[in-house]
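Participant: can't give you the sequence, but here's the structure:
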């Protein structure tokens with residue numbers, strides 16, 4: 001699922017990130033998305049059915065997709081992170097059900113429950129990362 005968000009302060013955020021190298025910007029974004037994504041991952045783990053092997057333990061925040069998920073994915077940006085279980089088929093059958101098994105959704109309800117908190121946390125973590133990187137750069141410049 002691709003999510004697009006409108007928010008205030010984008011210009012200020014872009015200006016603040018612009019002072020750093022591309023790799024530093026990616027690192028700041030990755031940390032923010034990982035920390036915020038863990039909010040939804042935690043909710044997914046709590047909602048995942050227990051009787052299905054290690055489904056709960058397979059839910060994680062990652063920068064990569066399983067080979068099967070890659071086939072249907074369209075890359076959006078260099079700041080993508082993914083939340084969910086690994087490639088085990090039971091994840092799909094639990095979420096959407098089968099002819100013989102009713103759905104037991106855990107991923108979508110977790111996102112619906114946590115999305116506002118996640119989006120807020122992304123903003124907080126981005127500004128924390130910017131502040132930390134700016135202080136580190138200033139300290140490095142002061143050393144010479």
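Facilitator: Arrived safely, thanks for sending. All figures in this text were calculated on a predicted structure; none of them were measured in a lab.

Participant: Would you agree residue 83 falls within a strand?
Facilitator: Yes: under DSSP: H, G, I helix; E, B strand; the rest coil, residue 83 sits within a strand.

Participant: Kindly state the pLDDT recorded for it?
Facilitator: Residue 83 is assigned 88 on the pLDDT scale.

Participant: ok, it - how many residues close by?
Facilitator: Look at residue 83: counted by other C-beta atoms under 10 Å, it has 25 neighbours. Every C-beta, even on glycine, is put in place using the N, C-alpha and C of the backbone.

Participant: Looks like it contacts residue 61 (just checking).
Facilitator: Yes: using C-beta atoms under 8 Å, residue 83 is in contact with residue 61, at 5.2 Å.

Participant: so what sits against both of the two?
Facilitator: 37, 41 (C-beta atoms under 8 Å, 6 or more residues apart in numbering).

Participant: Angles on the backbone of residue 118, please.
Facilitator: phi -60, psi -50 (degrees, to the nearest 10).

Participant: Can you give me every residue that contacts it?
Facilitator: Contacts of residue 118 (C-beta under 8 Å, 6+ apart): 36, 37, 39, 40.

Participant: Mind doing that once more with 6 Å?
Facilitator: 36, 39, 40 (C-beta atoms under 6 Å, 6 or more residues apart in numbering).

Participant: Show the model's pLDDT score for the residue most central in space within the chain.
Facilitator: What sits nearest the mean C-alpha location of the chain, by C-alpha atoms, centre = their mean, is residue 37, with 3.6 Å. Per-residue confidence (pLDDT) for residue 37: 95.

Participant: Quick check: buried residues in the helix or strand hosting it?
Facilitator: Secondary structure from DSSP states H and E places residue 37 in helix 22-47. Neighbour-count burial for helix 22-47 flags 24-25, 28-30, 32-41, 43-45, 47 (criterion: 16 or more other C-beta atoms under 10 Å).
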